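Participant: Please find the sequence and the predicted model below.
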Amino acid sequence: MKKLILIGFVLLLLQSNAQVLPLRQQATVIDEVLSDRLNNLLPSLMEKSGIDMWVLITREYNEDPIVRTMIPATWLSARRRTVLVFYYNPTTKEYTKSAVARYSVGSEIKAAWDMQAYPDQWDALNALIKKHQPKKIAVNTSVDFGHADGLDHTEYETFKQKLPAPFNTRLISAEPLAIAWLETRTEREMQFYPQLIKMSKDIIAEGFSSNVITPGITTTEDLVWWYRQEIIKRGFTTWFHPSVEIQRNDNVEFDHLKAFTSKGYNGKDIIMQGDLLHVDFGITYLRLNTDIQEHAYVLKPGETAAPIYLQKAMSVGNRLQDILTEQFKEGKTGNQILAAALAQAKKENINATIYTHPIGFHGHAAGPAIGMWDMQGGVKGTGDFPMHVKTAYSIELNAAVEIKEWKKTIRIMLEQDGYFDEKGFRYINGRQTELYLIGN
């Protein structure tokens, strides 16, 4: 009964627009989601990938990125050497979760090291491997994905030396399973992911208002640090430092390299009336991440709306988003999606740059890379990875639009988080289609 009351309280808070869960309730949600993923998602992923044993080896303060997604909420790091072993027999459907460690890893992964029988941890691991006789022993090594390359050199070499000879030929990369674990979003996660994005946008909206910005006084750096402080104030963390940039009626041209630095691209950082502002912002909450870029316009005296030419430019950016997401299809690689979207944008005379990426446990997450700002011809390796269902993406791109009134080209730089499943693509909590107005 107490558990039902607690779950009800947690759901109530998750549905609230005003509150962030207290840390204790956050831990409850994190551990419940982890339990669901370990018990329901992982066996199906192992069967699909054809991997019957997954061995994850990591050491304290040098954690494998995937192990960090598998430890309970109250564990802030691994302990000494932590070894996790997942075994799934597709014929018998036997599924085991073991920790070859001194401690159980939370309530889900039980300790399986009899230290009296096997004083050496590697011997205990080998005993477990011999017991199950796996056809494949997958470890986290990967050429293309850092997320799936978490087994460090020392541990890898030691494991190979300690592994009995008959099993050495069964050692393979866990990359397909590792990426699937990271990129697949569960039904439970998608229940509260919209709330994360809404809370992110609430902070963006507050920053893009007269409550925070005084034209002629407030600088972009002031606004950046307001955002950073507000993230902490509201009970979140972030995976990157926010950035705020200005485009205005001057002779400064857009520069990609400078635009992707924290100081913006024009160096004139005092916010003025008539400026087009851009923010790149994200939060981390309940082990998931957001990544959002939006625009605001600072009204001039007498204005009640942004100039029509800026509104039209915004529409071009939205059309580019549609062009990209219309290409999403299960099995298509990131590079195929990129090429098709850029070709369609060219047909519509949109000067496009696309650099969309998966999102989830990491901000720049595992899965197909759909361009990078400096790789519009395709991304070797990660761009060759296919798109799967039940995955989330930051639709990140920009459209270069000529503004005759300013005698220059500006960039509408947008980023919105979305979800792809069997029904197609959708934005998790909408997208920006109108500029924020500051001073109204």
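Facilitator: Structure received.

Participant: Could you pull out the strands in the stretch 201-350 of the chain for me?
Facilitator: Ranges of strands in the stretch 201-350 of the chain, per DSSP state E, counting those that start in this stretch, are 243-247, 276-281, 284-285, 288-289, 292-298.

Participant: tell me what the second one is packed against?
Facilitator: Pointing back at strand 276-281 there. helix 187-207, helix 220-233, strand 243-247, strand 292-298, strand 408-421 (3 or more C-beta pairs under 8 Å, 6 or more residues apart in numbering; DSSP states H and E). Where C-beta positions appear, they are placed from N, C-alpha and C, glycine not excepted.

Participant: hang on, Thr91 is in a strand, isn't it?
Facilitator: No: checked against DSSP: H, G, I helix; E, B strand; the rest coil, Thr91 lies outside a strand; its state is coil.

Participant: what about it, distance to Glu47?
Facilitator: Distance from Thr91 to Glu47, counting by C-beta to C-beta, to the nearest Å: 10 Å.

Participant: how about TSV for the strands of the stretch 201-350 of the chain, with mean neighbour count, mean pLDDT and distance to Met372 added?
Facilitator: Formatted as TSV, those follow (neighbours: other C-beta atoms under 10 Å; pLDDT from 0 to 100; distance: least, C-beta to C-beta, whole Å):
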stretch	mean neighbour count	mean pLDDT	distance to Met372
strand 243-247	25	96	17
strand 276-281	24	98	15
strand 284-285	20	97	22
strand 288-289	25	98	18
strand 292-298	24	98	15
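
Participant: Kindly reformat those strands as JSON lines containing distance to Leu128.
Facilitator: Formatted as JSON lines, the strands of the stretch 201-350 of the chain follow (distance: least, C-beta to C-beta, whole Å):
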{"stretch": "strand 243-247", "distance to Leu128": "47"}
{"stretch": "strand 276-281", "distance to Leu128": "45"}
{"stretch": "strand 284-285", "distance to Leu128": "34"}
{"stretch": "strand 288-289", "distance to Leu128": "32"}
{"stretch": "strand 292-298", "distance to Leu128": "44"}
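
Participant: out of those, which comes closest to Lys408?
Facilitator: strand 243-247 (8.6 Å; C-beta to C-beta).

Participant: Strand 408-421 and that closest one, what's the angle between them?
Facilitator: On the basis of axes from the mean of the first three to the mean of the last three C-alpha atoms, to 10 degrees, strand 243-247 is oriented at 140 degrees to strand 408-421.

Participant: Let me know the angle separating strand 243-247 from helix 220-233.
Facilitator: Using the same axes, to 10 degrees: strand 243-247 against helix 220-233 is 150 degrees.

Participant: Alpha carbons of stretch 294-310, as CSV, please.
Facilitator: C-alpha atoms of stretch 294-310 as CSV (Å, rounded to 0.1, in the frame of the first residue of the first chain):
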residue,chain,number,x,y,z
GLU,A,294,15.5,28.7,-30.0
HIS,A,295,15.3,32.4,-31.1
ALA,A,296,13.9,35.6,-29.7
TYR,A,297,13.5,39.1,-31.1
VAL,A,298,14.0,42.3,-29.0
LEU,A,299,11.3,44.7,-29.9
LYS,A,300,12.1,48.3,-31.0
PRO,A,301,9.9,51.2,-29.8
GLY,A,302,6.5,51.0,-31.3
GLU,A,303,6.9,47.4,-32.5
THR,A,304,4.4,44.8,-31.3
ALA,A,305,5.7,41.9,-33.4
ALA,A,306,9.0,40.8,-35.0
PRO,A,307,9.6,42.2,-38.6
ILE,A,308,7.9,40.1,-41.3
TYR,A,309,11.2,39.2,-42.8
LEU,A,310,12.4,37.6,-39.6
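
Participant: burial of the residue lying closest to Arg228 once chain neighbours are set aside, as a residue count?
Facilitator: Leaving out its chain neighbours, the residue that sits closest to Arg228 by C-beta to C-beta, 6 or more residues apart in numbering is Pro242, at 6.0 Å. Using other C-beta atoms under 10 Å, Pro242 has 22 neighbouring residues.

Participant: and what of Leu125?
Facilitator: Neighbour tally, Leu125, other C-beta under 10 Å: 24.

Participant: So it, which state does it fall into?
Facilitator: Leu125 is classified as helix under three-state DSSP.

Participant: quick one on the thing from earlier: okay, Thr91 and Glu47: which has more neighbours?
Facilitator: Taking other C-beta under 10 Å, Thr91 and Glu47 do not tie; Glu47 has more neighbours (15 against 6).

Participant: Might you report the residue contacts of that one?
Facilitator: Tyr88, Pro90 (C-beta atoms under 8 Å, 6 or more residues apart in numbering).

Participant: Equivalent analysis for the one 3 residues further on, please.
Facilitator: Gly50 makes contact with Lys136 under the criterion C-beta under 8 Å, 6+ apart.

Participant: for the one 5 residues further on, same thing?
Facilitator: Contacts for Val55 were tallied using C-beta under 8 Å, 6+ apart; they are Val83, Leu84, Val85, Leu125, Ile129, Ile137, Ala138, Val139, Phe159.

Participant: isn't the fifth one right up against Phe159?
Facilitator: The one in question is Ile129. No: with contact defined as C-beta atoms under 8 Å, Ile129 does not reach Phe159; the gap is 10.4 Å.

Participant: for the strands of the stretch 201-350 of the chain, which one sits closest to Thr356?
Facilitator: strand 292-298 (11.6 Å).

Participant: how many other residues sit next to the spatially closest residue to Asp149 that is not a sequence neighbour?
Facilitator: Among residues not flanking Asp149 along the chain, Ser142 sits closest, at 4.3 Å (C-beta to C-beta, 6+ apart). Using other C-beta under 10 Å, Ser142 has 21 neighbouring residues.

Participant: Any buried residues in stretch 360-375, and which?
Facilitator: For stretch 360-375, burial by neighbour count (16 or more other C-beta atoms under 10 Å) applies to 360-373.

Participant: Angles on the backbone of Thr141, please.
Facilitator: Backbone geometry at Thr141, expressed as degrees, to the nearest 10, gives phi -130, psi 140.

Participant: cool, and Val55?
Facilitator: phi -110, psi 120.

Participant: Relative to Tyr285, how far out is it?
Facilitator: Distance of Val55 to Tyr285, given as C-beta to C-beta: 31 Å.

Participant: swap in Asn398?
Facilitator: Distance from Asn398 to Tyr285, by C-beta to C-beta: 27 Å.

Participant: Endpoints of stretch 269-276, how far apart?
Facilitator: End-to-end distance for stretch 269-276: 12 Å, by C-alpha to C-alpha, to the nearest Å.
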